[in-house]
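Peer 1: what's the 3D shape of this:
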Amino acid sequence: MRGRIVKRELREVIKRDEQLNLLAYIIILVLIALTGVLLFSAMARLEFPDILLLRSDFIRAIVPGLLLMVILYLVDQHGRLRKQLVEFHEDLETASAELQGAYDRLSFAHRTAELMASLTHESGIDRVLEESVEYFGADAAAIVGDDVQMFAADSIPKNEAERSIMQVALDAVRAGQSLAVSATDSGAAALAVPLRVKGRLDRVCCLWKQDGTFAEDQLEGLQLVARILEMSLENRILLDEVREQLQGTLMALSGLVELRQPDYINHSTHVAELSVAVGVSLGLEAQQIADLKLAAILHDVGMLEVPAEILSARRPLTAEEGLVVRRHTVGGSRIVRTARFNEAIQQAVLSHHERMDGSGYPNGLRGERIPLMARIISVCDSYNAMISNAPHRPALTQIAAITELRNGIDSSYDRQVVTALQQVTGHSNSIAHPDDLAMLLEQVS
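Peer 2: Numbers count the residues shown, from 1 in each chain. A predicted model of the protein is given here:
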């Protein structure tokens, strides 16, 4: 805004300068013309008309004086305009510096938003504090709340920095506003900006410098960073609330399934725990782990669409009833899609009964065409079912269940998933698969 005003005033000054230049050129041309006429008359020995005004001594004295005054006026106006131009140039440089400063502050605020969006909450704050120390030329940066989360340069006495930061944070809380503090006795300086989350003062963002002072615009920069952190804190609270609501939805769905399948909640919870452990062992990313957990909890939610008389039957199911049960994967996928769970969760619920050799259902997928999350849930679901009591058989031991899974490698189960499950259950060295034994004998020989 200030830059536009300065530019508009500068255009007006330049316009006036052009007008004065035009007037000066006209006067100069008139003087040149008069001089030319006089020279021509003198050389041609021409006599001027006997005009009273030309014979008056007063006129002869006043005309040069007036002409001199006009010239002096033009010179003065040119001087004033040049001075104004210099002042406007300085104002433009100041406005340009302020604009660049504002751009830099906005760029760092954007960087703060990127860090908070791409990292976990605590890791994001750590990186923001670290980069704030470099950007603001500070020696330490901290977020003060119930505890102190601080980053300080290695050469800085951290106890002194923490004491000063705690003091300025306390002063900011008392004042209820941002503060810039300089301690004349020690030479230190600090900035503090309160963070308000949902209208409540929650924490204080602080910068500290052992020697020197902070520029005025650096407080504005810290306020921008604080606003980003406030939004991140509010988003975290909202996310926690959404997670609580989601957990309630999951428990409600699981409770409905448990009405038809007793002990379903315990089963699905155990399958989810095993699946998460296997996913971590396989190096899945955090978001994939979160999706895997949800899919494992909901993997049999489609049983809600299977008639109760089929689920409670104590006899072998007919072929038609078996087809109805098999449709629970499609029904479950439809339910989680209606509940707005993402595509990865939908596909995992849909495909957790697919088999590596293509003999599974509902689509007969084979090998790696089966989503990895579905392959993980398949192994963990089968394992948990094997080690649990069933109406038609007693529970298997863990070692026996692992043996069954390894016997089904490449036909029913994914090899790497079964190996990961062995590791997380502590049975990786207790079972030797025939293929592994053959490889070992070959290496020995």
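Peer 1: contacts only, for the closest residue to Gly137 other than its chain neighbours.
Peer 2: Leaving out its chain neighbours, the residue that sits closest to Gly137 by C-beta to C-beta, 6 or more residues apart in numbering is Lys209, at 7.2 Å. In short, each C-beta sits where N, CA and C put it, glycine included. Residues counted as contacts of Lys209 (C-beta atoms under 8 Å, 6 or more residues apart in numbering) are Gly137, Ala138, Asp139, Ala188, Ala189, Ala190.
Peer 1: now distance to Thr94 and pLDDT too, for those, in TSV please.
Peer 2: Output for the contacts of Lys209, formatted as TSV (distance: C-beta to C-beta, whole Å; pLDDT from 0 to 100):
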residue	distance to Thr94	pLDDT
Gly137	21	89
Ala138	25	91
Asp139	29	91
Ala188	29	86
Ala189	24	89
Ala190	27	89
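Peer 1: top of the residues you listed by neighbour count?
Peer 2: Sorting these by how many neighbours each has (other C-beta atoms under 10 Å) puts Ala138 first, at 28 neighbours.
Peer 1: what's the distance between the residue lying closest to it once chain neighbours are set aside and Met166?
Peer 2: Distance criterion C-beta to C-beta, 6+ apart; nearest residue to Ala138, sequence neighbours excluded, is Leu207 at 4.3 Å. Using C-beta to C-beta, to the nearest Å, Leu207 is found at 14 Å from Met166.
Peer 1: so for the two, which residue has more residues nearby?
Peer 2: When neighbours are counted by other C-beta under 10 Å, Leu207 and Met166 differ, and Leu207 comes out ahead with 29 against 16.
Peer 1: what about the longest helix along the chain, distance to the chain center?
Peer 2: Counting by DSSP state H, the longest helix found in the chain is helix 57-118. Here the centre of helix 57-118 is set off from its chain's centre by 41 Å, with C-alpha atoms, centre = their mean, to the nearest Å.
Peer 1: okay, the angle between the following helix or strand past it and helix 57-118?
Peer 2: Using DSSP states H and E, the helix or strand that follows helix 57-118 towards the C-terminus is helix 121-136. Going by axes from the mean of the first three to the mean of the last three C-alpha atoms, to 10 degrees, helix 121-136 is angled at 150 degrees with respect to helix 57-118.
Peer 1: what strands line up against the helix or strand following helix 121-136, and which way round?
Peer 2: Sequence-wise, the next helix or strand downstream of helix 121-136 (DSSP H and E) is strand 140-144. Applying DSSP bridges to the sheet, strand 140-144 is found paired with strand 148-152 (antiparallel), strand 200-209 (antiparallel).
Peer 1: buried ones in the first one?
Peer 2: Going back to what we said before, that points to strand 148-152. Val148, Met150, Phe151, Ala152 (16 or more other C-beta atoms under 10 Å).
Peer 1: cool, and the longest one?
Peer 2: Buried residues in strand 200-209, defined by neighbour count with 16+ other C-beta under 10 Å: Asp202, Arg203, Val204, Cys205, Cys206, Leu207, Trp208, Lys209.
Peer 1: and the second one, what does it touch?
Peer 2: For Arg203, the contacting residues are Ile143, Val144, Gly145, Pro194, Leu195, Val197, Leu233, taking C-beta under 8 Å, 6+ apart as the criterion.
Peer 1: repeat that for the fifth one.
Peer 2: When the contact criterion is C-beta under 8 Å, 6+ apart, the partners of Cys206 are Ala141, Ala142, Ile143, Val144, Ile165, Val168, Ala169, Ala172, Ala190, Leu191, Ala192, Val193.
Peer 1: residues contacting the fourth one?
Peer 2: Neighbour list for Val144: Ile165, Met166, Ala169, Arg203, Val204, Cys205, Cys206 [criterion: C-beta under 8 Å, 6+ apart].
Peer 1: let's see 6 Å
Peer 2: Ala169, Val204 (C-beta atoms under 6 Å, 6 or more residues apart in numbering).
Peer 1: any idea how far Ala189 is from the spatially closest residue to Ile409 that is not a sequence neighbour?
Peer 2: Computed as C-beta to C-beta, 6+ apart, the closest residue to Ile409 that is not its neighbour in sequence is Arg415, at 4.8 Å. Counting by C-beta to C-beta, the gap from Arg415 to Ala189 is 62 Å.
Peer 1: and what of Met251?
Peer 2: In terms of C-beta to C-beta, Met251 sits 53 Å off from Ala189.
Peer 1: secondary structure class for Thr249?
Peer 2: Assigned with DSSP: H, G, I helix; E, B strand; the rest coil, Thr249 falls in the helix class.
Peer 1: hang on, the earlier thing: tell me the one among the buried residues of strand 200-209 nearest to Met116.
Peer 2: Nearest to Met116, judged by C-beta to C-beta, of the buried residues of strand 200-209 is Cys205 at 12.8 Å.
Peer 1: for that closest one, give the beta-bridge partners.
Peer 2: Beta-bridge partners, per DSSP bridges, of Cys205: Ile143, Val193.
Peer 1: remind me which residues of the stretch 151-300 of the chain are low pLDDT?
Peer 2: 183-186, 245-247, 254, 256, 258-263 (pLDDT under 70).
Peer 1: what about the helices in it?
Peer 2: Listed in chain order, the helices of the stretch 151-300 of the chain (DSSP state H, counting those that start in this stretch) span 158-175, 216-260, 264-281, 286-297.
Peer 1: adding distance to Val336, write the ones you listed out as CSV.
Peer 2: CSV is the format used below for the helices of the stretch 151-300 of the chain (distance: least, C-beta to C-beta, whole Å):
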stretch, distance to Val336
helix 158-175, 46
helix 216-260, 9
helix 264-281, 13
helix 286-297, 8
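Peer 1: and those: which comes nearest Ala95?
Peer 2: Closest among the helices of the stretch 151-300 of the chain, using C-beta to C-beta: helix 216-260, at 13.4 Å.
Peer 1: report the angle between that closest one and strand 140-144.
Peer 2: Orientation of helix 216-260 against strand 140-144 (the same axes, to 10 degrees) gives an angle of 40 degrees.
Peer 1: and helix 216-260, what other elements does it pack with?
Peer 2: helix 57-118, strand 189-197, helix 264-281 (3 or more C-beta pairs under 6 Å, 6 or more residues apart in numbering; DSSP states H and E).
Peer 1: and it, how far out from the chain's middle?
Peer 2: 14 Å.
Peer 1: do the same with stretch 389-401
Peer 2: 48 Å.
Peer 1: which residues sit against it?
Peer 2: Under the criterion C-beta under 6 Å, 6+ apart, residues Tyr383, Met386, Ile387, Ser388, Ser430 lie in contact with stretch 389-401.
Peer 1: hmm, back to that, OK, contacts around the residue nearest to Ala138?
Peer 2: Phe136, Ala138, Ala141, Leu191.
Peer 1: now with 8 Å?
Peer 2: By C-beta under 8 Å, 6+ apart, the neighbours of Leu207 are Ser132, Val133, Phe136, Ala138, Ala140, Ala141, Ala190, Leu191, Ala192, Phe214, Gln218, Leu222.
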